[in-house]
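Visitor: Predicted structure and sequence below. I'll ask about it afterward.
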Amino acid sequence: MTEKVTTESAKLTEIAEANRQCRTAAEIMAVAEALVFVSDEPISAKAISEIIGEDKETVLAALEALKREYDERQGGLQLREIAGGWQIATRTELHEDIRKYLKTRPSAKLSLAALETLAVIAYKQPVTVPEILEIRGVQSASAIRTLLEKRLIVTKGHKETVGRPMQYGTSKEFLIQFGLKDLSDLPSIEDFEDLINQ
Amino acid sequence: MTEKVTTESAKLTEIAEANRQCRTAAEIMAVAEALVFVSDEPISAKAISEIIGEDKETVLAALEALKREYDERQGGLQLREIAGGWQIATRTELHEDIRKYLKTRPSAKLSLAALETLAVIAYKQPVTVPEILEIRGVQSASAIRTLLEKRLIVTKGHKETVGRPMQYGTSKEFLIQFGLKDLSDLPSIEDFEDLINQ
Amino acid sequence: MESSAEQFAFDFTSETAEIIPGERDELRIRLGQFAGPLDLLLYLIKQEQANIFDIPIAKITDEYLKYIRIMKRLDVSVAADFLVMAATLIEIKSKMLLPRDSSAEPETAVDDPRKELVDQLLEYEKFKSAAQMLYERSTIEKAVFRRGRIETDDANAEINATVFDLLTVFQKILLRHKKQVKMEIEREEVSLAEMIDRIQSKLSALQELNLIDFFSELNTRRELVTAFIAVLEIVRTQDLRLIQKQTFGDIYLRRV
């Protein structure tokens, strides 16, 4: 009985091996390309060979063929060997356009500090820096600068109190970015009460 | 003086125009590919056209040509239209090897209740909690909360009716996670009716 | 009837709802948790292989109530919506038993007490199928991977916030703030008189008190301020002196 199982499993392994070996060169190139693409770090030919169960040499040949393909294609991307691994990157000549893109990137993305500060401003506006500090318990200067740069908040005049601190409120850009018609559209705690108490 | 400045700036604009016009179709394809790659979210043809200063139509044609190139190449990657933009991603067939490398399991499935609620929101948006209750015949509070936390739905302002209930709709993340170009990419709800009556 | 119900071999409490792509174009749900009363009702109708346009209401009502009883017995909390449906079913059942008005046109759908429920079931079933479609789409989508991190992502390593995030973050801040205020109120209990007592008791034990050491024992700004005022008050009203042995050296409080 045991023997039979062993033979069976050996057979299965064999089939799996055979399956592996029958990948065409094009298939190896495709899977190598996908793995290089999803990897956060440059990935080595050895690492790829271990995952897909092909010889390191076969994988290396596939990567080199892929690199030639990228070079001949003259597209927007290049496959390059770097730090002992392989990586897909944009072609150097295109850096100007890419830099331009990075500058115009949508600005709805926020760090947690900026999001917290924005939340306080949105729900407590008009509000001063000391008042934000009082609620958040943390200095918010750099978060406020970021929010001003992203034009999500605007100054709302000085508060007529000691030191006449500047007051802040949300901007029109804020409404657009968060898909709100006006400030009354901001959900209140009551709106979610039923959801949260569940 | 004023006139001179005007002429100068006109000349500069002219040069800039000329610069723009002299990109070949291949060059536009290359820069579009690089931008789609760099962007961490699907990027629209319009956004690309604004960055590189070419017509939206020209950019769209370039992206479509690029897509054909990717399809014909049969490599590890695909160029696809999703959530109102373009994205480079791996080919579906390669998921096993990729998952092995990334050591990820498919992310948690949505519960049946959450999926149903999402379906109602997707087809009836903007829709309120009582309206969802009417169709599903059951409270959906915890499902809505899950969907909000997973960013699959967003609030769509209050409905101008008694009690000003909050309205919900699907998000861009919904389109991305369900592989939809836009909402019109969803099959019509009447098609399901035919299916049931068959 | 009752006893046969108890012979079910599944465990309601451990089973969770799970979608299993069925052989037919529908969702098959493992027993235990239905997405709602309509879901349970559809399941029972299919079990009976009944026509949705001609539901055998008495039989289905019995079955429905049986399930509710099992769920209750197994301590599965039965949502109010399930009970509402039970009431609706009983109501329809009783209406069906009433003798029909013979003068009315027979077989008119409008008169059928089941009509509203049937419409609701048909409407619900569409969305149930849509949910199945979404499930399939997301399964396919999970086989597609996006690129790994690249250098330029770092400058944008931030979250894409929604209005819901704004509100939940704001709530968390308020909660944090409440706790802080509470702590401060507790701390405030050290009064000036108490602080003076504290300094004097220390002085009675020691010849002199190193103020730097004493101040560093204090936890809050408020305590520090109180201690500082207490020292000034002691020096003003009692025979005590502040002494600095060398320039920039530690300051001592000493009895004259």
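Guide: Yep, that arrived. Numbers count the residues shown, from 1 in each chain, chains lettered A, B, ... in the order given.
Visitor: what's the nearest residue to residue 146 if we skip its chain neighbours?
Guide: Since no chain was named, I'll use chain A. Distances taken as Cβ to Cβ, 6 or more residues apart in numbering or on different chains place A:A114 nearest to A:T146, at 4.9 Å, with adjacent residues excluded. (C-beta placed from N, C-alpha, C; glycine too.)
Visitor: wrong one, I was asking about chain C
Guide: Nearest to C:R146 is B:A89, by Cβ to Cβ, 6+ apart, at 5.6 Å.
Visitor: A:M166 now?
Guide: The shortest distance from A:M166 to any non-neighbouring residue, by Cβ to Cβ, 6+ apart, is to A:T155 (5.5 Å).
Visitor: these two touch, right, that neighbour and A:P165?
Guide: No - A:T155 is not in contact with A:P165 according to Cβ atoms under 8 Å; the separation is 10.8 Å.
Visitor: Verify the stated contact: A:I43 with A:I88.
Guide: No - here A:I43 lies out of contact with A:I88, judged by Cβ under 8 Å, at a distance of 10.2 Å.
Visitor: what sits in contact with each of these two?
Guide: Taking Cβ atoms under 8 Å, 6 or more residues apart in numbering or on different chains as the criterion, A:I43 and A:I88 both touch A:V36.
Visitor: Show me which residues of chain C sit near chain A.
Guide: Counting by Cβ under 8 Å from any Cβ of the partner chain, chain C comes close to chain A at C:145-150, C:152, C:155-156, C:158-167, C:169-171, C:173-174, C:176-177, C:180.
Visitor: try it again with 10 Å
Guide: Contact residues (Cβ under 10 Å from any Cβ of the partner chain) of chain C with chain A: C:145-153, C:155-174, C:176-177, C:179-181.
Visitor: Are any of the residues you listed buried, and if so which?
Guide: Listed as buried from the residues of chain C next to chain A are C:145, C:147-148, C:152, C:160-170, C:173; burial here means 16 or more other Cβ atoms under 10 Å in any protein chain shown.
Visitor: Using pLDDT, spot the least trustworthy of those residues.
Guide: Lowest pLDDT within these is found at C:N160 (67).
Visitor: before we move on, back to that, in the helix or strand harbouring the residue nearest to A:M166, what counts as buried?
Guide: In this assignment (DSSP states H and E), A:T155 forms part of strand A:153-158. Judged by neighbour count (16+ other Cβ under 10 Å), strand A:153-158 contains these buried residues: A:153-154, A:156.
Visitor: Please identify the pairing partners of the helix or strand following it and their relative orientation?
Guide: Using DSSP H and E, the helix or strand that follows strand A:153-158 in sequence is strand A:166-170. Sheet pairing of strand A:166-170 (DSSP bridges) gives strand A:127-128 (antiparallel), strand A:153-158 (antiparallel).
Visitor: which element follows strand A:166-170 toward the C-terminus?
Guide: Remark: after strand A:166-170, the chain's next helix or strand is helix A:172-177, criterion DSSP H and E.
Visitor: Run the chain-centre distance for that following helix.
Guide: Remark: helix A:172-177 is offset 23 Å from the chain centroid, using Cα atoms, centre = their mean, to the nearest Å.
Visitor: Then stretch A:29-38?
Guide: Distance of stretch A:29-38 from its chain centroid, counting by Cα atoms, centre = their mean, is 19 Å.
Visitor: So which bits of that stretch are buried?
Guide: So, applying 16+ other Cβ under 10 Å, buried residues of stretch A:29-38: A:29-38.
Visitor: For B:E190, see how far away A:S39 is.
Guide: 44 Å (Cβ to Cβ, to the nearest Å).
Visitor: of the two, who's got more company?
Guide: It is A:S39, of A:S39 and B:E190, that has more neighbours when counted by other Cβ atoms under 10 Å in any protein chain shown, with 22 against 9.
Visitor: pretty sure that one is touching A:G85, no?
Guide: Yes - between A:S39 and A:G85 there is a contact at 7.8 Å, judged by Cβ atoms under 10 Å.
Visitor: which neighbours do the two share?
Guide: Common neighbours of A:S39 and A:G85, counting by Cβ atoms under 10 Å, 6 or more residues apart in numbering or on different chains, are A:47-48.
Visitor: How about the helix or strand encompassing A:K103 and chain C, any contact?
Guide: Secondary structure assigned from DSSP H and E places A:K103 in helix A:95-104. Yes - applying Cβ under 10 Å from any Cβ, one finds helix A:95-104 touching chain C at A:98-99, A:101-102.
Visitor: Show me the helices in chain A, by range?
Guide: Applying DSSP state H to chain A gives helices spanning A:2-21, A:25-38, A:45-52, A:56-73, A:95-104, A:112-124, A:129-136, A:141-149, A:172-177, A:189-196.
Visitor: still on that earlier bit, in helices, which of the buried ones among the residues of chain C next to chain A appear?
Guide: Among those, the ones falling in helices (DSSP H) are C:163-170, C:173.
Visitor: The helices of chain A: lowest mean pLDDT?
Guide: In terms of mean pLDDT, the lowest-scoring of the helices of chain A is helix A:2-21 (a mean of 55).
Visitor: Neighbours of C:L122, how many?
Guide: Neighbour count for C:L122, taken as other Cβ under 10 Å: 15.
Visitor: Wait, it touches C:L41, no?
Guide: No - using Cβ under 10 Å, C:L122 makes no contact with C:L41, being 11.8 Å away.
Visitor: which neighbours do those two share?
Guide: Common neighbours of C:L122 and C:L41 (criterion: Cβ under 10 Å, 6+ apart): C:I52.
Visitor: residue contacts, C:A86?
Guide: C:A86 makes contact with C:37, C:61, C:64-65, C:67-68, C:78 under the criterion Cβ under 10 Å, 6+ apart.
Visitor: Lowest-confidence member of these, which is it?
Guide: The lowest pLDDT within the contacts of C:A86 belongs to C:V78, with 67.
Visitor: Low-confidence ranges, the stretch 51-200 of chain C, go.
Guide: Low-confidence regions of the stretch 51-200 of chain C, defined by pLDDT under 70, span residues C:74-78, C:100-110, C:154-160, C:183-189.
Visitor: now do 90
Guide: For the stretch 51-200 of chain C, the stretches with pLDDT under 90 are C:52, C:66-83, C:95-113, C:139-140, C:142, C:148-200.
Visitor: Tell me where it has strands.
Guide: Assigned by DSSP state E, counting those that start in this stretch, the strands in the stretch 51-200 of chain C fall at C:159-160.
Visitor: just to revisit the earlier point, just put the strands paired with strand A:166-170 in a markdown table and tack on mean pLDDT.
Guide: Formatted as a markdown table, these follow (pLDDT from 0 to 100):
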| stretch | mean pLDDT |
| --- | --- |
| strand A:127-128 | 94 |
| strand A:153-158 | 94 |
